[in-house]
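In: I need the structure of the sequence given here:
(one chain, ligands or ions: 1)
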Amino acid sequence: MPGQPISFARGAPAPELIPAAELAECAYAVAQRDGPRVFSYGPGGGYGPLREWVAERHGVDPGRVVLTVGGLLGFVLYVGEALARRPGRVLVEGPTYDRPLKILAREGAEIVVLPMDAEGLDPEVLEAELRRRPEPPSFLYTIPTFQNPSGRTLSGERRERLVEVAAAHGLSVLEDDPYGLVRYEGEPPASLHGLEGGELVTYTSSFSKTVAPGLRTGYFVLPEAEARAFEERAVSTYIAPPFLAQATIAEFISRGQFEPNLEHVCGELRARRDAMLEALGGSFPPSASWNRPEGGYFVWLDLGEGENASEFAARAEAEGVALVRGEDFFPRGSGLGVSSARLAFSYETPERIAEGIERLASLL
Ligand SMILES: Cc1ncc(COP(=O)(O)O)c(C=O)c1O
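Out: Residues are numbered from 1 along each chain as shown. Below is the predicted model:
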C-alpha cells in the first residue's frame, strides 16, 4: 500500500490543528518576562495564574486545583491516593479509555466493568452494583462527555440520577472530561462536578485537546479534604511540573486566543466527523452500526454479530488503515467488545478519512 497509512487509531489532534506559531510567541514572551519563575522549582500544584483561571471556571478556591503533567499522570496520582484512602474495587465504564485500565491493573486494583448503552453509563446498573456488594468501592471512573472510546455522552437526566446514587452511597467519582469543550453542536449538559458540588466528585480535564497535547498540562479540581494530599503526592513524585508549559497556556489565554482557537478546532473536527459519517453511511453494510457524536474525537463502530474486529483490524492494516479494536477498551480477557472498534477522526484530513473508510468497507 503506497503512502503513509491512514490512522483512525490516533486519538490525537492533527498537527495542523495545533496553534504552534501562537504558542511559540507565548512561550517566548513568558520566558522573557517571568523567566526566573518559570525556569525554577515552584509549587507542586502548578503555575498560579493558570490554577486561578481553572479555579474560577469551576467556582472553587485555587487551592483545590492541581495542574498535573498531563491528565494521565494526574490519574496515576489520583489512583494512588484513592486506593490508599479507601482500598477496594474500582468501577469503570465498559468500554473505557484503555490507559487507565492498564494503570489500574498495574496498581493491583480490582476492576469492575459497568456496561454502558448508547446513552452512556446507566445509573441503575451502578446502583445495582453498589447494592450487590455493600463494601464501598474505592471510586468510580467515568468519562461522561464524548467518551473515549465510544464518543457517547451521558444524558442530563442520567447525570442527575448518577449524582443522586453517588450521594446515597458515599461513592467517590472521578469525572474525566478532556473532550467536553470540544463540542461542535448541541447544548452541553451540566458536569457531574457542578451538579454534585465537588464533595464526592473530582473533576479532571486537560489542555491536550483544547490547546496542544505536547504542553502536557492537565488539571484536577479536588474535594477540599483531598486537595492537599493530592498535591503532596505530586510533589513527592516529580517535585514540580514544567512551569514554562503552564505559563505558555496562561499567556495564550490572557491574549484572548483560547476561545477563537477552540472554535477553529471544533470547526475542523466537525468537518472530519462529517466526512467519516458520510463515508460510513455511503459504503458500510446495514449489518454494521455506529453513533453520531456531537463532539470529541471518536466514533464507535460495531461490525455486527459474529464479526471479529481483531481480524478486521489486521486486514485493515494490510490495506494501510489503522484502527483500535474494541477489546482493548475492556479489561484483558473479559471477552467483551469483540465486534467493535474505535475510529478516531481527529488525526486525518476529511479527504483521507473518506479514502480510509472506503478501504475499510471494501474488506466487509
Ligand atoms: C479520556 C481521556 N482522559 C485522559 C486523557 C489524557 O490526556 P493528557 O494526558 O494528554 O492530558 C486522554 C487522552 O487521550 C483521554 O482520552
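In: residues contacting whichever residue of the stretch 251-364 of the chain sits closest to the ligand?
Out: Of all residues in the stretch 251-364 of the chain, the one sitting closest to the ligand is Tyr297 (7.7 Å; C-beta to the nearest ligand atom). Where C-beta positions appear, they are placed from N, C-alpha and C, glycine not excepted. Applying C-beta atoms under 8 Å, 6 or more residues apart in numbering to Tyr297 gives the contacts 11, 146, 148, 151, 179, 182, 209, 269, 344-346.
In: Could you list which of the residues you listed also contact the ligand?
Out: Among those, the residues that sit close to the ligand (C-beta under 6 Å from any ligand atom) are 11, 148.
In: Return the subset of the contacts of Tyr297 lying in strands.
Out: Per DSSP state E, strands hold the following members of the contacts of Tyr297: Ala344.
In: Same question for the lengthiest helix in the chain: list its buried residues.
Out: Longest helix of the chain, by residue count under DSSP state H: helix 258-283. Under the neighbour-count criterion of 16 or more other C-beta atoms under 10 Å, helix 258-283 has 258, 261-262, 265-266, 268-270, 272-273, 275-277, 279-280, 283 buried.
In: likewise stretch 60-72?
Out: Buried, per 16+ other C-beta under 10 Å, within stretch 60-72: 60, 62, 64-72.
In: Of those, which are in range of the ligand?
Out: Filtering these for neighbours of the ligand using C-beta under 6 Å from any ligand atom leaves 70-72.
In: returning to what we had before: which strands and helices sit next to the longest helix of the chain?
Out: In terms of contacts (3 or more C-beta pairs under 8 Å, 6 or more residues apart in numbering; DSSP states H and E), helix 258-283 is packed against strand 298-302, helix 350-361.
In: most tightly surrounded among the ones you listed?
Out: Ranked by mean neighbour count under mean count of other C-beta atoms under 10 Å, the helices and strands packed on helix 258-283 are led by strand 298-302, which reaches a mean of 23.
In: Pairing partners for that strand, with directions?
Out: When pairing is defined by DSSP bridges, strand 298-302 lines up against strand 289-290 (antiparallel), strand 340-344 (antiparallel).
In: ok, back up a step: so which of the buried residues of stretch 60-72 belong to helices?
Out: For the buried residues of stretch 60-72, the ones inside helices are 70-72, with DSSP H as the criterion.
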